[in-house]
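**Student:** coords please:
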Amino acid sequence: MNNINLDFLLNVEEYELELDTMSLKSNDHYAIDMYFYGSENATNLLINDPSRDYFLMRFEKYAVFMGTLQEHGILEEGLRNPHPVVKLKESVFGEFAEKHMKTNEIYTERGELHLFAIRTFEQEFYILSYSDPMVINNMAKSE
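**Tutor:** Numbering: from 1, shown residues only. So this is what the prediction gives:
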């Protein structure tokens, strides 16, 4: 088992993710919870190998789920690298949020808005967040 944390996910190469579940936690002010399986070998994910990692990535309540690449088709040049999670300070999504969601006018006390791209072997997920997500490692999956 790997020691999964945000630094690991931002810097590791050849590590595959698979989204298990995603939810908005209304009892936690709509934090975004994403549960992932992870492995250095995608085959371990496909065959449900018990040795794969399982972890939670939680974004705080002011984060905004922007969707998947398949939904909007926006290609972001800064995302072209081999890491499973990418963090960008300036992005097309950030510009969209400033223009249409007024993020440059509200919640400015929260700090700077960053784009997080989370890549699975099937798709990419995009989240705008004022803070880094919390990553909880070595979880046992509850059925």
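
**Student:** part of a helix, is Phe8?
**Tutor:** Yes - per DSSP: H, G, I helix; E, B strand; the rest coil, Phe8 lies within a helix segment.

**Student:** measure it to Glu60 for me?
**Tutor:** Between Phe8 and Glu60 the distance is 20 Å, computed by Cβ to Cβ, to the nearest Å. C-betas here are computed from N, CA, C, even on glycine.

**Student:** How many residues are close by the closest residue to Gly111 other than its chain neighbours?
**Tutor:** Sequence neighbours aside, Tyr130 is the residue nearest to Gly111 in space, at 5.1 Å (criterion: Cβ to Cβ, 6 or more residues apart in numbering). When neighbours are counted by other Cβ atoms under 10 Å, Tyr130 registers 19.

**Student:** So which bits of the strand or helix carrying Val135 are buried?
**Tutor:** With the criterion set as DSSP states H and E, the secondary-structure element containing Val135 is strand 134-136. Residues of strand 134-136 classed as buried: Val135 (neighbour count, 16 or more other Cβ atoms under 10 Å).

**Student:** helices or strands next to the helix of greatest length in the chain in the packing?
**Tutor:** Secondary structure of the chain read by DSSP state H shows that its longest helix is helix 92-101. Helix 92-101 sits against strand 64-68, strand 114-119, strand 124-129, with contacts defined as 3 or more Cβ pairs under 8 Å, 6 or more residues apart in numbering; DSSP states H and E.

**Student:** And the pLDDT at the residue lying farthest from the centre of the chain?
**Tutor:** Most distant from the centre of the chain: Glu105, at 24.4 Å, with distances by Cα atoms, centre = their mean. What the model reports as pLDDT for Glu105 is 75.

**Student:** Over to His100?
**Tutor:** On the pLDDT scale, His100 is placed at 83.
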